[in-house]
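> here is a sequence together with a model predicted from it:
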Amino acid sequence: MHRLGKIIHGDDHVALKVKTPALTGEVRKRLEAIAALLSNSAPPDLVLNRHCIECEFQTRCRKLAIEKDDLSLLDSMTEKERWKLQSKGIFTVTQLSYTFRPRKRSRRSANKEERHYHSLKALGIREKRIHIVGSPDLKLNGTPIYLDVEGLPDRDFYYLIGARVRCGDLVQQHSFWAENTTEEKEIWNRFLNILATVQHPVLVHYGSYERSFLKRMCERYGGPAADSIVDQALKSPVNLLPFLFCKIYLPTYSNRLKDTSAYFGATWRSPNITGIQTIALRCEWERTRSVRLKESLLAYNQDDCAALELLSLEMKKANS
């Protein structure tokens with residue numbers, strides 16, 4: 001029996017060695033589950049998961065889940081948490097909403113981060129209201145720059161940097177596009193040059209992707225002078241997602257940027273494009289050099305930046 005296997009992956013066909021004995025038990029479990037599923041004449045239970053965005057049946061399944069008011073609609077809830085609730089007889093979002101009880105924080109836990117309450121999220125959805133826990137302190141002391149980056153993770157390559165800057169009533173949208181990996185350094189430097197022209201820049205982003213981008217680009221190509229205004233902006237970006245996860249509960253099933261900002265009226269010129277689909281579109285553009293595909297990717301990125309700005313403004317209103 002072979003104890004080592006190889007996984008060939010990526011455009012460069014990199015070979016990754018894995019120890020197969022450690023995976024044998026897990027593979028057998030999965031095969032048994034598949035066999036049981038195929039032998040059963042009844043359809044499997046409907047459960048939404050993070051792979052739904054890749055599936056051609058996602059619209060149909062989501063419609064059925066909404067009709068059932070299924071717990072799997074709550075994007076942040078794990079499978080284990082869902083099973084635990086179901087064991088208590090809670091199967092729908094509406095049922096879950098009635099279990100929320102406000103809790104007063106003790107002095108001992110005052111400095112700890114707030115936890116996420118699925119029941120409060122469910123309550124907001126049932127009541128169609130925003131709920132705020134504590135006093136979210138969203139500080140944007142300076143000129144906000146709304147940052148959204150597109151890349152190809154398997155190549156560790158960032159090909160598009162979107163930056164939206166508002167000064168009073170004037171809005172500037174910058175889109176830095178790299179044709180290939182050799183131009184990545186160029187768009188990074190162009191982005192830094194824009195930051196240097198802004199008075200007290202504050203980078204605002206959504207999720208961990210942009211923070212990783214800033215760190216990797218500084219390591220790869222270098223950053224501005226230490227302790228400069230631009231250096232401070234790169235080291236202290238503001239991530240909006242944690243505020244929406246445990247402090248500001250919107251009546252949306254997920255905390256994805258598209259869902260949260262759409263609640264406040266954000267729109268996309270290509271509403272069917274998702275983050276994972278941009279990877280396929282970029283690869284197709286590299287093959288065809290299609291102007292239409294490039295324009296679609298630029299528009300998607302620009303709309304993300306605009307949605308980020310709208311969400312930021314609405315969050316500040318909710319906190320005031």
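Looks like it arrived, so ask away. Residues are numbered from 1 along each chain as shown.
> list the buried residues for the longest helix out of those in the chain?
Of all segments of type helix in the chain, defined using DSSP state H, the longest is helix 291-319. For helix 291-319, burial by neighbour count (16 or more other CB atoms under 10 Å) applies to 293-294, 296-298, 300-312, 314-315, 318. Placement of C-beta: from N, CA and C, glycine included.
> repeat that for stretch 129-143.
For stretch 129-143, by 16+ other CB under 10 Å, it's 131, 133, 136, 138, 142.
> reformat those residues as TSV; add pLDDT.
Listed next are the buried residues of stretch 129-143 as TSV, based on pLDDT from 0 to 100:
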residue	pLDDT
131	93
133	89
136	77
138	82
142	90
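> where along the stretch 51-200 of the chain do the helices fall?
58-68, 79-87, 93-97, 118-127, 184-197 (DSSP state H, counting those that start in this stretch).
> using CSV, write out the CA atom coordinates for the shortest one.
The C-alpha trace of helix 93-97 is given here as CSV (Å, rounded to 0.1, in the frame of the first residue of the first chain):
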residue,chain,number,x,y,z
VAL,A,93,-35.1,31.0,12.0
THR,A,94,-38.4,32.3,13.5
GLN,A,95,-38.3,29.7,16.3
LEU,A,96,-34.8,30.7,17.0
SER,A,97,-35.7,34.4,17.2
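> from the middle of its chain, how far away would that helix be?
25 Å (CA atoms, centre = their mean, to the nearest Å).
> quick one: average confidence on it?
Across helix 93-97, the average pLDDT comes to 97.
> helices or strands up against it?
Applying 3 or more CB pairs under 8 Å, 6 or more residues apart in numbering; DSSP states H and E, we find helix 93-97 packed against helix 118-127.
> same thing with the last one?
When contacts are defined as 3+ CB pairs under 8 Å, 6+ apart, helix 184-197 sits against strand 157-167, strand 170-177, helix 209-221, helix 229-235.
> helix or strand right after it?
Per DSSP states H and E, helix 184-197 leads on to strand 201-205 as the next helix or strand towards the C-terminus.
> does residue 74 touch residue 117 like I think?
No - judged on CB atoms under 8 Å, residue 74 makes no contact with residue 117 at a distance of 11.0 Å.
> you'd agree residue 75 is up against residue 253?
Yes - between residue 75 and residue 253 there is a contact under CB under 8 Å: 5.9 Å.
> out of the two, which sits in the busier spot?
Taking other CB atoms under 10 Å, residue 75 and residue 253 do not tie; residue 253 has more neighbours (21 against 16).
> and that one, which of the three is it?
coil (DSSP: H, G, I helix; E, B strand; the rest coil).
> what separates it from residue 260, distance-wise?
10 Å (CB to CB, to the nearest Å).
> next: residue 236.
23 Å.
> my guess is residue 214 contacts residue 234. True?
Yes - shown here, residue 214 and residue 234 form a contact pair, counting by CB under 8 Å, at 5.3 Å.
> shared neighbours, the two?
residue 203 (CB atoms under 8 Å, 6 or more residues apart in numbering).
> between residue 236 and residue 260, which has more neighbouring residues?
It is residue 260, of residue 236 and residue 260, that has more neighbours when counted by other CB under 10 Å, with 24 against 9.
> quick one on the thing from earlier: could you list which of the buried residues of stretch 129-143 belong to strands?
residue 131 (DSSP state E).
> look at the residue nearest to residue 253 when sequence neighbours are not counted and say how many residues are nearby.
Spatial nearest neighbour of residue 253, chain neighbours left out: residue 73 (4.6 Å); criterion: CB to CB, 6 or more residues apart in numbering. Neighbourhood size, residue 73 [other CB under 10 Å]: 18.
> also residue 35?
Residues near residue 35, counting by other CB under 10 Å: 10.
> show the pLDDT at it.
89.
> distance from the chain centre to the strand or helix carrying it, please.
Using DSSP H and E, residue 35 sits in helix 21-39. The chain centroid and the centroid of helix 21-39 are separated by 31 Å under CA atoms, centre = their mean.
> can I get it in CSV? Just the C-alpha atoms.
What follows is helix 21-39, C-alpha atoms only, in CSV (Å, rounded to 0.1, in the frame of the first residue of the first chain):
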residue,chain,number,x,y,z
PRO,A,21,-2.9,6.6,5.8
ALA,A,22,-4.0,9.6,7.8
LEU,A,23,-6.8,10.3,5.3
THR,A,24,-8.1,6.7,4.9
GLY,A,25,-10.6,6.8,7.7
GLU,A,26,-12.1,10.1,6.6
VAL,A,27,-12.4,8.9,3.0
ARG,A,28,-14.2,5.7,4.1
LYS,A,29,-16.6,7.8,6.1
ARG,A,30,-17.4,10.0,3.2
LEU,A,31,-17.8,7.0,0.8
GLU,A,32,-20.2,5.4,3.3
ALA,A,33,-22.2,8.6,3.5
ILE,A,34,-22.4,8.9,-0.3
ALA,A,35,-23.5,5.2,-0.6
ALA,A,36,-26.3,5.7,2.0
LEU,A,37,-27.4,8.8,0.2
LEU,A,38,-27.6,7.1,-3.2
SER,A,39,-29.4,4.1,-1.8
